[in-house]
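# I would like to see how this sequence folds:
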Amino acid sequence: MSDLISWPLGPAPTVISIIFGYLLGSIPFGLILTRMAGLGDVRKIGSGNIGATNVLRTGNKKLAAATLLLDALKGTAAAAIASRWGIEAGIAAGFAAFLGHLYPVWLGFKGGKGIATYIGVLLGLAPIIVLVFSAIWLAMAKLTRYSSLSALVATFVVPVVLLVSGYGKIGLLFVVMSIITWIKHRANIQRLLAGTESKIGQKG
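The predicted model follows:
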């Protein structure tokens, strides 16, 4: 708390950053884009998720790519813009955007699983580490064809790399975000263990 008080604007930057980040993160682009394209409610197919992987199950690769990009950019924008007030504000906004995607107020707090927004926040706070995430995800996806497993492995490694690389508070943020990500993917983990998880490109 003392750190907040020492800022020129007191605690205001953190409070504003959290509100801004959450509202931006809670925009359900996957649902909006699929409805605009006349594909109905993406929550009624596949995993029921509003994220890019489930949008891909509609068979529309362009919409899936757009969803991935927009869900990532809302995390990047929140973290990067708020960082002008200091790294603490950037961390607060990025985390709020991540939670906004997971628990959007517009959808009764039932959102996505956060991988794209996770990547976006990482891009806004530690852009070089996005290369680590991408390399791990792509390698695992090529090897297994499981998007969920690729994301789980990448989110396990990223916090370790951040902490070892001296990112401090950002590393701790991603430890928390990765734990939440794994919890949100518990159903995927169960399906992976059972051998029933959908593979990349498989329609719902």
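# Please identify the buried residues of stretch 48-66?
By neighbour count on 16 or more other C-beta atoms under 10 Å, the buried set for stretch 48-66 is 49-58, 60, 63-64, 66. Where C-beta positions appear, they are placed from N, C-alpha and C, glycine not excepted.
# Point out the least confident one among those.
By pLDDT, residue 53 ranks lowest within those, coming in at 76.
# thinking again about what came up before, can you tell me which of the buried residues of stretch 48-66 lies closest to residue 152?
Proximity of the buried residues of stretch 48-66 to residue 152 was ranked by C-beta to C-beta; the top entry is residue 53 with 12.6 Å.
# which regions of this protein sit below the pLDDT cut-off?
Confidence mapping of the chain against pLDDT under 70 gives the ranges 1-12, 201-204.
# re the thing from before, now distance to residue 192 too, for the buried residues of stretch 48-66, in a markdown table please.
Compiled in a markdown table, the buried residues of stretch 48-66 are given as follows (distance: C-beta to C-beta, whole Å):
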| residue | distance to residue 192 |
| --- | --- |
| 49 | 15 |
| 50 | 21 |
| 51 | 17 |
| 52 | 19 |
| 53 | 14 |
| 54 | 16 |
| 55 | 21 |
| 56 | 18 |
| 57 | 17 |
| 58 | 22 |
| 60 | 25 |
| 63 | 25 |
| 64 | 21 |
| 66 | 27 |
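# Same list (these) but as JSON lines, adding distance to residue 160 and secondary structure.
What follows is these, written out as JSON lines (distance: C-beta to C-beta, whole Å; DSSP: H, G, I helix; E, B strand; the rest coil):
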{"residue": "49", "distance to residue 160": "26", "secondary structure": "coil"}
{"residue": "50", "distance to residue 160": "29", "secondary structure": "coil"}
{"residue": "51", "distance to residue 160": "24", "secondary structure": "coil"}
{"residue": "52", "distance to residue 160": "25", "secondary structure": "helix"}
{"residue": "53", "distance to residue 160": "24", "secondary structure": "helix"}
{"residue": "54", "distance to residue 160": "28", "secondary structure": "helix"}
{"residue": "55", "distance to residue 160": "30", "secondary structure": "helix"}
{"residue": "56", "distance to residue 160": "29", "secondary structure": "helix"}
{"residue": "57", "distance to residue 160": "31", "secondary structure": "coil"}
{"residue": "58", "distance to residue 160": "35", "secondary structure": "coil"}
{"residue": "60", "distance to residue 160": "35", "secondary structure": "coil"}
{"residue": "63", "distance to residue 160": "34", "secondary structure": "helix"}
{"residue": "64", "distance to residue 160": "29", "secondary structure": "helix"}
{"residue": "66", "distance to residue 160": "31", "secondary structure": "helix"}
